[in-house]
Each structure stands twice: as C-alpha cells, then as structure tokens.
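In: generate coordinates for the sequence data below:
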Amino acid sequence: MDYKGDIFYIEQVLNGRINAFSYLIDKHKDNVYNLAFRICGSHEEAEEVAQDSFMKAYRSLSSFRKKSSFGTWLYRIVYNTAVSCLRLKKKGILSLEEFPADIIDFLGENQAEEEAEKEYRNSLINFALQKITAEERGLISLYYFNELNCEEISSITGISKSNVKVKLFRARQRLSRVIEVAEKKKLIYHE
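Out: Reported below is the predicted structural model:
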C-alpha cells in the first residue's frame, strides 16, 4: 500500500472521506496493538484497547494539532486507554509459580537450543512486565520496543522528561528483580 503520509490522510478524513482513515489504521495497527499488549498483557484486552484507541483517535481527529507526529499523538491515546483499562479491571498479580520453570518447556521438536533460550528469555521478560505497574509497562514499551526517546515519551504520557528517566530507571530495577527471582526459582526446580 502506498502511503502519502499521515497528514494527507488526516486531511482526507476531515474533508469527509472517512474511508481514508483505514490507511492510518493499516499503517499504525501493529504498533498500536503491540503497545497495548505490552501494557495489558492479554491479547483480548490489547485488541479491545487498540480498537477503542482507533475509535477515540477518529472521533478526536479534528483536535489533532500537528505539534507532534500522528503516531506520537496516537500512542498517547493508546497509552492512556490501556492504563485506564487496567485501572478499571484491577488485574490479579501473577505468581512466580505461573511462569514456566525451565528452557526445556520451550524446546520443540525441530527447535535449536538457542531458539528455545531466546523464546524462554522473551517469555520471561513478558512475564516480568506483567509484574510491574501498567504505567511502568507503558514506559518500558515506549522506550525499548517502540524506540522512542524520553522527550517523545514525555509528550505521550504527560510525565516530565526528568520524571520519565527516573520512572524508567525504577521500572528497569523492578524488572531485573523479577527476572532474578524467576531465575533463582528455576535453579530450585532443578535441584
């Protein structure tokens, strides 16, 4: 699909060609879903948040002031929608017993040990992300997975740039502790 740029399609939508919004959805749907999933931790909730976010973006498109990119504006909507969704649902915290104990759980028939180790690590990181707050998950996701800088994250979240740095530091520390505990638990299972 040939994209002319977000602004072109936004202007098309604002001029009554509502089908042009589908180009914006196609372009941003993967990033929107991934951010929602990393914050929510559930495919069903991520799909709901992504859909709600696109609806909110569509209804609010006339308020988009072009001070940032459309992607940044949309990330803010996704971030706020996902965090609000989790606050309303108050999900239970996963226990370490729910995490697979070993890399062996990830070994498939035709899978190399390196691939299994990579899947194990990714799964462990996703598990650890669910052990920190929704806000922290959002910040980690925006910084590491969406590769945004602190200034862009500040613009999306409404948190000052210096506070973004502090919160990212603390979130990394919490993630590290969760992973460390899970790794120790893995060793206990093998003894």
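
In: now the helix or strand where Ser123 lies: how far from the chain's centre is it?
Out: Here Ser123 sits within helix 113-129, counting by DSSP states H and E. Helix 113-129 sits 17 Å away from the centroid of its parent chain (C-alpha atoms, centre = their mean, to the nearest Å).

In: so where's the protein shaky on pLDDT?
Out: Applying pLDDT under 70 to the chain picks out residues 1-3, 89-112, 116, 185-191.

In: buried set for the helix ranked longest in it?
Out: The residue-count maximum for a helix in the chain (DSSP state H) belongs to helix 161-190. Across helix 161-190, burial judged by 16 or more other C-beta atoms under 10 Å covers Val164, Lys165, Lys167, Leu168, Ala171, Arg172, Arg174, Leu175, Val178, Ile179, Ala182, Lys186. All C-beta atoms are positioned from the backbone trio N, CA, C, and that covers glycine.

In: where do the strands of this structure begin and end?
Out: Using DSSP state E, no strands are found in the chain.

In: point to the residue nearest the middle of it.
Out: Geometric centre of the chain, nearest residue: Leu35, 2.4 Å, by C-alpha atoms, centre = their mean.

In: can you give me the helices for this protein?
Out: Under the criterion DSSP H, the chain contains helices at 6-14, 21-40, 43-60, 70-89, 113-129, 134-140, 150-157, 161-190.
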